[in-house]
Every structure is written in C-alpha cells, then in structure tokens.
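# Need coordinates for the below:
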Amino acid sequence: MARTGENFINLKVPAKPEYIGVIRLAIAGIADRLGLNCESVEDLKLSVTEACTSIIQFSKDPALILMECYIEKENLYLNISDGKLLPKDNELFQCGKNHYESLTEANMGIYLINALMDDLHYCIEPEKGIYIRMVKRLSTGEPIEQ
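Numbers count the residues shown, from 1 in each chain. Prediction:
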C-alpha cells in the first residue's frame, strides 16, 4: 500500500545486496532530519539492513524491496516488504507479533530488529511474501499507538 503526503516516503529498489546501501542512506537521512541521536540512527540502519537481507534471502524470487516510511503520532513507521504481501490500510498481520517459534535459525535478523526497535510486526512466508513493520518512538513519553 503506497501512502502519500508530506510525511510519507516510498522507495523501491531491486532486491539485490548492492542496493541495501541506498535504503540505509535514505533512512539515515530521514533520521537525521528528525533529529534522532547517533545511536538511534545506527539502530534504524541496522534494522533496515536486517529486514532487506531477510527479503533477499528468504522471499521466493524477490524482484523488489519496497520501503515505506512515515511519521504519525510521534512514531516513525518503517514498512519493508517484497511487494507480494501487503496489509490493507492499518491492518497488521497476525502471524508475527512476537511469534518467534516459527522462525528458522537462519533468520536471526528478526530477533535483532525486535531488540533495536520499539515495536515489530512481521510476516515471513517465502511462498506468499515478506512484510516487516518496525516502529521507532520519536519521543520517550508516549506509548506507541496503533
């Protein structure tokens, strides 16, 4: 789902390792514009790298990596997907809210993303598609609203 408006950024790159750097640079620029500290910027870059790597490694015939980034209610939302499996509106997939038992040992990136981000939802089904939604709180006071 492509969103539009002044607080929405959408990026499509080929699903190849050499393009992960483009997404890392984009998220670093966004984080810098938001005034996030260096540690938060590095957390975002590492989380995005892990999400993109999951798509390249585990999606069946990935052609693209789609990144959707938007700001709402003091939260930075990052959606990374292979474009095959996308939620409708604000729907979140039920297959991945803290359900790590179904993950393979090879996809330890989800554990890392969960440790670095404030909230995580994901669906990793190589035959159907991969969708990872990460949230970084921009302020420390309010809980994440969904």
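# Which strands or helices does the helix or strand that contains Ser54 pack on?
Secondary-structure element containing Ser54, defined by DSSP states H and E: helix 38-58. Using 3 or more Cβ pairs under 8 Å, 6 or more residues apart in numbering; DSSP states H and E as the contact criterion, the secondary-structure elements in contact with helix 38-58 are helix 20-33, strand 64-72, strand 75-81, helix 109-116, strand 129-137. In this view, the C-beta of every residue, glycine as well, is placed from N, C-alpha and C.
# And Tyr122, how far from Glu50?
Distance from Tyr122 to Glu50, counting by Cβ to Cβ, to the nearest Å: 11 Å.
# Any buried residues in the helix holding Ser54, and which?
40-41, 43-52, 54-56, 58 (16 or more other Cβ atoms under 10 Å).
# closest to Asn7 among these?
Leu44 (16.2 Å; Cβ to Cβ).
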